[in-house]
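In: Okay, predicted coordinates and the sequence, questions at the end:
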Amino acid sequence: MTATASAPNGAPAMTINQLKPFYGKRQAVKAVDLVIDPLKITAIIGPSGCGKSTVLRCLNRMHETVLNARAEGEVRLGDENIYDPAIDPTLVRRKIGMVFQQPIALRTRSIFENVAVGLRLGGMNDKKRLAERVEQSLRAAVLWDEVKDKLTDAGSALSGGQQQRLSIARTIAIAPDVILFDEPCSALDPISTLKIEELMVDLRRQYTIIIVTHNMQQAARISDKTAVFMVDRNEDGPQGVLVEYQATRDVFTNPQDSRTEDYISGRVG
Amino acid sequence: MSILSSAPANYGQRKIVDYIMRGLTIVATLIAIVPLVLIIGYVTVIGGGAMSIDFFTKTYEPPAMSDGGFSLPSNAVTLPTPDPAVPVDPNATPDPFAGIDLGGATGVTPVDGTQKGEALSAKAQGGVLHAIIGTLLITGAALLFSLPIGILAAVFLAEYPSNTIATVVRFCTDLLSGAPSIIVGVTAYILIVVPFREFSGVAGAIALTFLMVPTITRTTEEVLKLVPESTREAALAMGAPTWYSTFTVVIPAAISGIVTGVMLAFARGAGETAPLILTVLGSNVISFNLLQPIAALPLITYRYTESPFPGENTQAWGSAFILMMLVLVVNIAVRLATRNRLSGR
């Protein structure tokens, strides 16, 4: 077992030991070992089909919500293994939040309710506290100034970039330790992308961030460490594999693996 | 110039085929809506003409001789004067010939088609308030039974799809939704009416429930499946359990589709006749007791369309018209009530 690293303020590190994601009988990614630094941004990059999203979804047990999907191995948040049979996945997801590629404004809900929904689920009903937390979260997601006068409007009426920040506010509201971003900017225009990137760098002060991205420049711009996944063509089909994990600067200037070099220099993928 | 001259040799032929095919689709569409327009038009003209305040405020009144259209040779039958002291048995199947001594009535000439047609314009006597109440009660009760069953079953089929039970249930639901309603009526008759020795509104409501649940389940399942998976994932990623995501996120997102399904089921239930004949029987007075026989609009239409009394014919058409309006009004009302200004479109 790996020693548990902790940031000065006690934010827990994530330790991934021999994680094997499966779809049915097929193991989608070769066993993964990673230590995610707390209060840093860790990027996961790699070509399509390398299993980077699958690995990310294993980190808050969203992977198993897909039919016949399951994972073996261990993912520790601090001292706790989130795959411990005694731990309810719904509780895991309140500590490890997730933001998806498609911005999701819950239909038939107002902007306010889109953020409040997770708090209400947690049993918070006090109107004043709800309003405070919603404002805090919207401010943290740099959306407050744009929506403060129309909190009762439909969340789905916002633009794509605003909806994505709304999704982030919803995730922040329940105060997770870790936020997983699954290609959060692939559906957005460059300006919205820039805003989300600035937001992530800002959020790093309070949250551990893991981001899957297709965009290598994005990984280079915002991340502290980068994990590179590649596809192995086996006789029983393609399988993802972690080929490299180190400081982002080193990944892009001094890659250890030749496949990483081919990938970042645009020769493959 | 060059565009036209380079047209392939079969260009003209292709254009003609295009016109013919387009014409065929238009003709087919027209043929498809002809019956619809005819039915709605006919019911509206004849049934709508029967509308009066009495029609909504009074109950069944036996046809009176002054009504016309029932011609009797003066020597043929002896008619007893109706005795107002004898109450009409509310539970009896209405028998237009009750109390009339036909005496080997060779001379009775029920009106023929043309006469009936003239008589249709005759003012209805009495009203169908009892049947309006009956239909609302029976279909209301059936909705009350079938809404939770149908929607929860749909949630099971759509949100927990990976099991054999779901496949079996789905298949059975499809079968049931295609089952002739008379079979459902017979089933309810044998299971409920016979053991309790009583025709009742509840038996009718249960029979209608059998018919409405499959419609609600299948339409609700289909619209739940249309809700993007990403919406469910967003809820799950907040740490919501599946039931929470289903009832606070997925169902609200699909509510307009669910309402459509429920309205289809309501319309079907309100108009069903066969199961009601065998379960609620019918009645001529106002009753709020679902444990006893009760009146219903489709039963009036069914019984009195063939009646020799024009007054009763008018009631039949009027009932059909009210039934149609009832479905329309409920439909609009529910849609307005469930309309959400945040629904997104």
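Out: Looks like it came in fine. None of these values were measured; they are calculated from a predicted model.
In: Check chain B for the residue nearest chain A and tell me.
Out: Here chain B gets closest to chain A at one residue, B:Gly239, 3.5 Å apart by Cβ to the nearest Cβ. Just so you know, the C-beta spots here come from the backbone N, C-alpha and C atoms, and that holds for glycine as well.
In: Quick one: neighbours of that residue, just the number.
Out: Per other Cβ atoms under 10 Å in any protein chain shown, the neighbour tally for B:Gly239 reads 23.
In: same check, this time on the one 4 residues further on
Out: Other residues lying near B:Trp243 total 10 when counted by other Cβ under 10 Å.
In: hang on, it in a helix?
Out: Yes - the assignment for B:Trp243 is a helix, going by DSSP: H, G, I helix; E, B strand; the rest coil.
In: got a list of what it touches?
Out: If a contact means Cβ atoms under 8 Å, 6 or more residues apart in numbering or on different chains, then B:Trp243 has no contacts.
In: How confident was the prediction at it?
Out: As predicted, B:Trp243 sits at a pLDDT of 89.
In: just B:Gln315 next, same as before
Out: pLDDT at B:Gln315 comes out at 86.
In: In this structure it contacts B:Gly126, no?
Out: Yes - between B:Gln315 and B:Gly126 there is a contact under Cβ atoms under 8 Å: 7.3 Å.
In: Just say helix, strand or coil for the residue of chain B closest to chain A.
Out: Under three-state DSSP, B:Gly239 comes out as coil.
In: Which residues are in contact with it?
Out: A:90-94, A:118, A:121-122, A:174.
In: Give me the secondary structure label for the spatially most central residue of chain A.
Out: Centroid check for chain A by Cα atoms, centre = their mean gives A:Leu180 as the closest residue, at 1.3 Å. With three-state DSSP as the basis, A:Leu180 sits in strand.
In: Can you tell me the closest non-neighbouring residue to it?
Out: Leaving aside its sequence neighbours, A:Leu180 sits nearest to A:Met98 (Cβ to Cβ, 6 or more residues apart in numbering or on different chains; 4.5 Å).
In: so that neighbour sits in a strand?
Out: Yes - the assignment for A:Met98 by three-state DSSP puts it in a strand.
In: Just the pLDDT for it.
Out: For A:Met98, pLDDT reads 94.
In: burial count for it?
Out: Neighbours of A:Met98 (other Cβ under 10 Å): 25.
In: Which residues are in contact with it?
Out: A:57, A:60, A:62, A:171, A:179-182, B:233, B:237.
In: ok, now B:Ile182?
Out: By Cβ under 8 Å, 6+ apart, the neighbours of B:Ile182 are B:274-275, B:278.
In: from these, which ones fall inside helices?
Out: B:274-275 (DSSP state H).
In: Out of the contacts of B:Ile182, who's the most crowded?
Out: Counting neighbours by other Cβ under 10 Å, B:Pro275 comes out on top of the contacts of B:Ile182 with 30 neighbours.
In: is it true that that residue touches B:Thr209?
Out: No - the criterion here is Cβ under 8 Å, and B:Pro275 misses it with B:Thr209 at 10.0 Å.
In: picking up where we left off before, now, which of the contacts of A:Met98 sits nearest A:Pro85?
Out: Set against A:Pro85, the nearest of the contacts of A:Met98 by Cβ to Cβ is A:Asn60 (16.6 Å).
In: Secondary structure class of the closest one, three-state.
Out: Following three-state DSSP, A:Asn60 is assigned to coil.
In: Compute the number of surrounding residues for it.
Out: 26.
In: Show me what the closest residue to it other than its chain neighbours is bridged to.
Out: Spatial nearest neighbour of A:Asn60, excluding adjacent residues (Cβ to Cβ, 6+ apart): A:Ile96 at 3.9 Å. Beta-bridge partners for A:Ile96, by DSSP bridges, are A:Val178.
In: picking up where we left off before, thought the residue nearest to the centre of chain A was touching A:Leu56?
Out: Yes - between A:Leu180 and A:Leu56 there is a contact at 5.4 Å, judged by Cβ under 8 Å.
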